[in-house]
Every structure is written in C-alpha cells, then in structure tokens.
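A.B. asks: Got a predicted structure here, sequence first:
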There are 2 protein chains.
Amino acid sequence: MSVFPRRRIGVGILGCGNVGSALVGLLEEQRSAIAGRTGMELDVVRVAVRRALRDRGAALADGVLTTDAASVVNDPEVDVVVELIGGVEPARELIAAALGLGKPVVTGNKELLAGHGADLYAAADAAGVDLLFEAAVGGGIPLIRSLRESLAAEPVRRVMGIVNGTTNYILSQMTEHGAGYQDALAEAQSLGFAERDPTADVEGFDAAAKASIIATVAFGVRVPAAGVYREGISGISAADIAHARRLGYVVKLLAIAERVGPVEDKPELAVRVHPAMVPMGHPLASVRDSFNAVFVEGDAVGELMLYGRGAGGRPTASAVLGDLVDAAGNRCRGTWTPIGDLGEAVVCPIGHLESEYYINMEVLDRPGVLAAVAGVFGRHGVSIRSMEQEGLGQQARLVFITHQAAERGVQATLGDLRQMESVRGTPALLRVVGYSS
Amino acid sequence: MSVFPRRRIGVGILGCGNVGSALVGLLEEQRSAIAGRTGMELDVVRVAVRRALRDRGAALADGVLTTDAASVVNDPEVDVVVELIGGVEPARELIAAALGLGKPVVTGNKELLAGHGADLYAAADAAGVDLLFEAAVGGGIPLIRSLRESLAAEPVRRVMGIVNGTTNYILSQMTEHGAGYQDALAEAQSLGFAERDPTADVEGFDAAAKASIIATVAFGVRVPAAGVYREGISGISAADIAHARRLGYVVKLLAIAERVGPVEDKPELAVRVHPAMVPMGHPLASVRDSFNAVFVEGDAVGELMLYGRGAGGRPTASAVLGDLVDAAGNRCRGTWTPIGDLGEAVVCPIGHLESEYYINMEVLDRPGVLAAVAGVFGRHGVSIRSMEQEGLGQQARLVFITHQAAERGVQATLGDLRQMESVRGTPALLRVVGYSS
C-alpha cells in the first residue's frame, strides 16, 4: 500500500525551446518512475510557444500547444507553472499572475530573478506556494537547493563559482592550447558554446546575474544587481595565462559572494565577477571546458564544491524536473518551502577589498624605468612580492605579484602608471584568489 | 512583517560526543540567524549522554543533560529528536519510539540505516514525519538531499563515491609520498584519522554501509547490506600504486551503486565497494587527503560531483543542522518530505559485471612462464590489453591490463594462476573505473 494517494498534477510550460523540449521528453520518459516514487502523475497539459507550428521534437497531444501564454497560467487544469521564456517581460508578469492564483512556479530565469527576485520571492511566500529556481544557476548542479536548505543555517563565509560555461571553455582553450582570446572565442562560437554576440557571457553580465542570486540565497539578503562589481575576460591575453601558469595559477572567471563584515542581521557583503588567478591545487582550478562548479566555504561545513554541467537542454531540464517534482509534491501536501524574509545587504565597494594582484605591463627598456615603476607602487602602499622582467627588444615586460594590498591603492597605482611616458599600453591586472582566512 | 509566526522548537539530542557538542555550539552561534531567516527559535531542551558528569564544552542549562535517553524522546517539550549515538541499539528503538510519537528525527547513523533503514523509512512515512539523514554519508556534503530531492526524477545511471576519509588519506599518502600501506596507516592513526582498530574503515565496512544508503536513495529501492560486495585496501601495495600511476591512474576506494539493467520499477543494480584505478583526468582522481566526493552520472543531468569534508565534528554537525532546520520547519507547517515506497532491487552479483582489470603478479623468471600465464588468461576468455615485465633477480613481476572482461573469467583466471608453481604469492587485482557508457 502506498503512503500517497495517486494524484494527477497538471503542468503548464511557458516556452518550449532547448530546455522546454528536453523537459517534455524527460517527463515522458520518467512518468512511470515518478508515479512509482511519489504517487503523482505529472501531465503536461498546456505548453505556450511563440509560434505554434514549429516542430517540437516531443509529441504533444492536440490542444496542448498554444501561443497564448496567459491562457496557460489561467487554465484551471494547470496546477504548476514552469517558466522557460527567459528575459524580464512577459516572464515577470506571468510568474506574478501564477503566484497570485496560488500556483507554484518553477523557473530558470536568472535575469528576471537578479533584477526582480525580491518582489517575486515575497509574492510566493505571501501566496504560500513554491517559487523554485535551481536551473537559474549552474544548470543541473544542485546548488540552489543546497544553499537554501542544507546550508540554511550554515555560517557561510564565501561562495566562489565558475558559473558561465562559455567563458570557462574559452579560458580552458587558452590555458591548454595557448590559444589567443579571439581564436578561442571563434572556436567557442563555431561549436555553439558562444553566441554570435558574446557580450553577455564574455563581459560577465550572465555571471553577475548569477552572483546576485547566489548572494541572496547564501546570505538571505537582497543584493541589487547594481551592487555586483563586474569585469569580463575580453582583456585577458595568452601571455597573462602563460605567466599565471608559470607562477602556479590558472585563470578563471569567478562569481564571488563573500561576507566581509561580522555575522549580523545585516551582513556586509562583497559580490563581484572578475577573472582571477586560482592556485593550481585548488579544486576550482581543475574545472575545465564548459563545466561549472561552485566552491562554498563555511565556518562549520568547511569546504564544499558542487560540480557539473552548467548548461545544455537535458542537464538544465533535469534541474527543472527536480524542482517540478518538489513543487508538485508540496502542492499535494498543501505546503511550500519558504524563501523567508530577505534582509538588506550592505554591499562593500570593490575599492574597500584586499587581495594579492598580478600586474603585467610593457615598459620602455631603459635605465631607471623599473625604479620609477616600483616607486609608484610604494607611493600607494602596494608592496611587491615578486617581479619578473622579460626583454622584448626596445621594450621589456614587467610582471608583478603584490602582497595583500588594498584594491584602492592598486587602482591608484595603475592610474599613475598609465600616465607614465615609459609605460606602453594598458597594464593588465588579475586578482589572486586562494582560500579565505 | 514576517511571513512566519515566531515559534519555539524544542530539540532533544541523543549522544553528545564530537558531533553532538559541535551541534550544540553551532545551534548557539546560529540561533538568531536561524530565527531571522525562518522564524523558529531552536532550543536544545534535553541532551542524553552516557555519563552526565563529563564536561561537554558547550554550556548547557541545568537539567538539560540526562543519562536517560528514553526520557528525552518522551519529553513533551522535545519536538524534534537528533540521534547521534551511533550503532544499532538502542538507537533503533529510540528512533522508532520518536517516530511513533509523531516526532521528526534527524540522524547520522549509517550502520543503523544500512541495516534497518527500510523499516524506519516506512515508519516515518506512516507517521507523516521526517526522518532525515544527510550526515550519514559524506559528512557536510549535501548528497542525500540532492539525491532525494534534486535528482528525485533523474534517470541516475551510476553513483561512485569516495566516502571514507581514512582510506582516502592512506591512499593519498601512498600515492603522493610512496609510503607503504602499514606506514600510511600508522600515520593516519597517529593523526587521529584512523582508529586503533581500523578494520571498519580499511576493510570497507563503513563504505559498504554508505553504499547501501546511496543505492537506496539514488534508485528508490531497498538494498540489503548483504547485497553489497566489499573489498578493502589492506592488500594494496606501494608497487600497485606506482604502477597505476605510471599507467595514468590513481587508486581510490570507491563505493559504487550502478544500474546494470534497463530502467524499470524493479531495477537491476550492482552495489559494491572496492579499490579501483581511476583515470588521472577524472574529477574523483583529484580528491585528496581525507576529503570525500561523490560522482553522479545521470541520463539527463550528465556528470555531477559533490565534494567536501566527509567527517569531523563541525562539518557533520553542519549537515545535521541543515536537516534539523528542515525538519523543524516541516513540523511547523505540518508536513514532511516523504521517502516514498521503496521497491525491491535485483542485486547483480559481482561475478556478472564486466570491467577492465589490472593484475600484478610475481613469477619465476624462466622461459615459458609468460606463455603459460597468457594461456590461462586466454582459456577464460580474458583478453590482455597491455603487459609489462620487470626483472626482480630470480623472479619477475608481470603487470597486465586487460580489455573489458567478465569478472567471473578474471576470478577463474586468478584461481588457476594461484595453482601454478611458477606464480609466487597472490596476484593483486584492481578494477579500472572510467566513465560509464
């Protein structure tokens, strides 16, 4: 005898692209297994698409497809809504409508949650229904649930993630094959790992949206997207990567959410996205190709890493399906997993942070230049840990690693260096990231 | 205004050793953060200990400590019971009593769950309360929740885990410093990573209990502990590790639960613990020292790995605390996370499995021996992929890697080889594990 009564749950899906069609297929394949384990028959009753005529790959019954997304949300047969349209509108309006009708929502919409998450979370809690979003960060990696539930009471110190597969693929190609940035990008584009306009990925916008969501979930606070400092990878050269490697580091684009003040109701956080030099022995250093991984440091749990496929139809659909089964089960039991009250975070500006830095610059190869450059570092209180000089004919390349220094001092140093007649081009800067203390 | 009414939840803890005292400390530290995020005040109202007079490190109010565990379970002030005694009795009886009283239970007791899990899971579902056990496998790693919830509907193919920190520490020392097994074990004992009687760890009993729990949670079936094939690491030599390394492999003790038949209501599984050769590029290969990691392969999600501290008071207490907050929240909302009906697994005996094998043996160094040895492999249908011969004076060492072969054929081969007068000692065998197909 089952502990559950058999129950039919109507699923409405908004958007049926890559992830949506994978979800429809997976629901069909796993239908009887889900029923066996949970007692629920998950039926896809309505699917909203932009154009009804496109072949969807998965066989859907007549009358399931519609171009009217609002009618899916309002359909009384639809018990749970899955939003896979992406972007802010009409996704925001549709999700708000579903929550208002007391229907749980599963979404993977990072842009929407980064920009309007707090309102939607509050609406879900007010309605007493689930708003689940595992697929928004890290594709199939069970990160959001781990942060929201397993680590709900963990004093998390820092979360650092490789959360953008495109940039990790590009950096891996540069690291492993010595490719330049433009060549690695072109290859990623030809393989479908990068968009024709790669800005959202390579300039860190995608990772910044995910950093905002991670910070909210890890620290239980609202983090305005505007509070996320952002640098992309388009300025990274093959030379930077080769230098980093020789020094024992791998360059990764990291999304970092970090507690910089004491644990309080209103924690002081630093949330940022930038390329960083990660020591080769660090678990994040071995995350290659388009894989994603998130490294969590907590006062009690110590070090955790969650690794997997951060994108792709089926991995992302797997995350959506996990949420869908959870939301459907909660709906049957008349409950939900609350997000809880989100406090305001005090966001620490990047200028207030400290780090070790890698700085690579070209200078005219003549007497006195090194002394002048070193003098600039000293004036801003930036202490040099190591320096390498490499002859380039008329010029020389100087590569510095600093001791722990204030970002403000380093930025002031770079500003002064750019003014020097003997410094050519723009010095490259990478922050060194290790274990938190 | 909070979406939750403030509510006080009485926590009863059975056992206050390493993990129990860390939990008491963590609850105290995180008390106001938990209240802020969930509205619940978690109060430790009773703690059962073996001897009341021992100093517990954490300051507990008068009257909290008792030596009468049953009184903790029965105390009407106790809403949630945390069992950290370990072993089968009296833990089983106390948990059953708590569930019978409608009190959710959090436990980290792998031995109990591996042996009596099915009855306890059924009792929890019948009572409609949580039985949560994140701490039973992988310490602070959010594995159980990920498998039970995020991957509830994922067609999991295989789960492979480094789930015993003691053996991983010993194997890491042998790999990185060329230490012999006995020296590495002695060092682990002196550092407190291994018990004075290390049998439960080094012979794989601990990992086998965890493999049984993983198989149940990943595949939704009962897996009798007797169905778990088990080999430990005490037979691994420094030479085996050095050979594996030269061939591009790292030796790890793995707990493996794998679907070997088609996906059905009654899946055919192979569940086993044995040392294995893992390719150096595999994510499990870089899991060093006493860290744990679990690698999950699913048809939809692809490859996932969860990595972290598999033991220790605070990491384990972190997992218990995550479960405790969840169980307390569910209790407030009058719900629970059902385990669901567990089917019977068909357990595939190890003899029916196939793998590639590493076989290392010493033979007399005289003409005709290699031909005779190769003939034995051939007679049992085991095809050799590579062979290396190394002179050892009067004797020679032969190291074989086979093609994919049936375990039965390989075991028959070893049986015959042991009978040969020219074969010295017992050939060593390691299974090669890669990516599942």
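C.D. replies: It's in. Numbering: from 1, shown residues only, chains lettered A, B, ... in the order given.

A.B. asks: C-alpha only now, for contacts and for neighbours.
C.D. replies: Fine.

A.B. asks: what about the strands in the stretch 101-250 of chain A?
C.D. replies: With DSSP state E, counting those that start in this stretch as the criterion, the stretch 101-250 of chain A has strands at A:105-107, A:131-132, A:156-162, A:221-222, A:229-230, A:249-259.

A.B. asks: can you redo those as a markdown table with distance to residue A:426, mean pLDDT and mean neighbour count?
C.D. replies: Shown next, in a markdown table, are these (distance: least, Cα to Cα, whole Å; pLDDT from 0 to 100; neighbours: other Cα atoms under 10 Å in any protein chain shown):
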| stretch | distance to residue A:426 | mean pLDDT | mean neighbour count |
| --- | --- | --- | --- |
| strand A:105-107 | 42 | 98 | 28 |
| strand A:131-132 | 44 | 98 | 27 |
| strand A:156-162 | 26 | 97 | 25 |
| strand A:221-222 | 36 | 91 | 22 |
| strand A:229-230 | 18 | 96 | 19 |
| strand A:249-259 | 19 | 97 | 27 |
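
A.B. asks: Rebuild these as TSV, extending it with distance to chain B.
C.D. replies: Putting the strands of the stretch 101-250 of chain A into TSV (distance: least, Cα to the nearest Cα, whole Å) gives the following:
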stretch	distance to chain B
strand A:105-107	13
strand A:131-132	11
strand A:156-162	11
strand A:221-222	10
strand A:229-230	26
strand A:249-259	14
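
A.B. asks: Make TSV from those and add distance to residue B:305 to it.
C.D. replies: Output for these, formatted as TSV (distance: least, Cα to Cα, whole Å):
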stretch	distance to residue B:305
strand A:105-107	23
strand A:131-132	22
strand A:156-162	14
strand A:221-222	28
strand A:229-230	28
strand A:249-259	19
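
A.B. asks: residues from the stretch 201-350 of chain A in reach of chain B?
C.D. replies: The stretch 201-350 of chain A comes close to chain B at residues A:220, A:264-265, A:283, A:286, A:300-309, A:314-319, A:321-323, A:325-326, A:333, A:335, A:340-342, as judged by Cα under 8 Å from any Cα of the partner chain.

A.B. asks: mind checking how far whichever residue of the stretch 1-150 of chain A sits closest to chain B is from residue A:332?
C.D. replies: Residue nearest to chain B within the stretch 1-150 of chain A: residue A:150 (4.4 Å; Cα to the nearest Cα). Distance of residue A:150 to residue A:332, given as Cα to Cα, to the nearest Å: 23 Å.

A.B. asks: what do you get for residue A:152?
C.D. replies: 24 Å.

A.B. asks: do the same with residue A:405
C.D. replies: For residue A:405, the distance to residue A:332 - Cα to Cα - is 55 Å.

A.B. asks: Tell me the strands beside the lowest-mean-pLDDT helix or strand in chain A, with direction?
C.D. replies: Ranked by mean pLDDT, DSSP states H and E, the weakest helix or strand in chain A is strand A:343-344, scoring a mean of 84. When pairing is defined by DSSP bridges, strand A:343-344 lines up against strand A:221-222 (parallel).

A.B. asks: Show residues contacting the partner strand.
C.D. replies: Outside strand A:221-222, the residues within contact range by Cα atoms under 8 Å, 6 or more residues apart in numbering or on different chains are A:118, A:215-216, A:266, A:342-345.

A.B. asks: switch to 10 Å and redo it
C.D. replies: A:114, A:117-118, A:212-213, A:215-216, A:265-267, A:269, A:340-347, B:37 (Cα atoms under 10 Å, 6 or more residues apart in numbering or on different chains).

A.B. asks: Buried among those? Need that as a selection in ChimeraX.
C.D. replies: Here is the ChimeraX command that selects the buried residues among the contacts of strand A:221-222 (16 or more other Cα atoms under 10 Å in any protein chain shown):
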select /A:114,117,118,212,213,215,216,265,266,267,269,340,341,342,343,344,345,346,347 /B:37
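
A.B. asks: quick one: pLDDT of the nearest residue to residue A:188 once chain neighbours are set aside?
C.D. replies: Leaving aside its sequence neighbours, residue A:188 sits nearest to residue A:194 (Cα to Cα, 6 or more residues apart in numbering or on different chains; 5.3 Å). Looking at residue A:194, its pLDDT reads 92.

A.B. asks: what do you get for residue A:71?
C.D. replies: Confidence at residue A:71, expressed as pLDDT, is 97.

A.B. asks: Would you mind confirming that it is in contact with residue A:48?
C.D. replies: Yes. With contacts defined as Cα atoms under 10 Å, residue A:71 counts as touching residue A:48 at a distance of 8.5 Å.

A.B. asks: okay, these two: which has more neighbours?
C.D. replies: Legend: neighbour count by other Cα atoms under 10 Å in any protein chain shown for residue A:71 and residue A:48, higher for residue A:48 (24 against 16).

A.B. asks: That one contacts residue A:60, correct?
C.D. replies: No. Look at residue A:48 against residue A:60 with Cα under 10 Å: they stay out of range, at 11.9 Å.

A.B. asks: residue at max distance from the center of chain A?
C.D. replies: Ranked by distance from the centre of chain A (Cα atoms, centre = their mean), the top residue is residue A:367, with 46.2 Å.

A.B. asks: and that one, what element?
C.D. replies: Assigned by DSSP states H and E, residue A:367 belongs to neither a helix nor a strand.

A.B. asks: do you know how far it is from residue A:422?
C.D. replies: Residue A:367 is 11 Å from residue A:422, by Cα to Cα.

A.B. asks: Then residue A:394?
C.D. replies: Distance from residue A:394 to residue A:422, by Cα to Cα: 11 Å.

A.B. asks: quick one: low-confidence ranges for the stretch 51-200 of chain A?
C.D. replies: The stretch 51-200 of chain A contains residues with pLDDT under 70 at A:52-59.

A.B. asks: what residues does it put near chain B?
C.D. replies: A:122, A:125-128, A:134, A:139-155 (Cα under 10 Å from any Cα of the partner chain).

A.B. asks: Could I have the buried ones of those as PyMOL selection syntax?
C.D. replies: Selecting only the buried entries of these in PyMOL, with 16+ other Cα under 10 Å as the criterion:
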select buried, chain A and resi 122+125+127+128+134+139+140+141+142+143+144+145+146+147+148+149+150+151+152+153+154+155
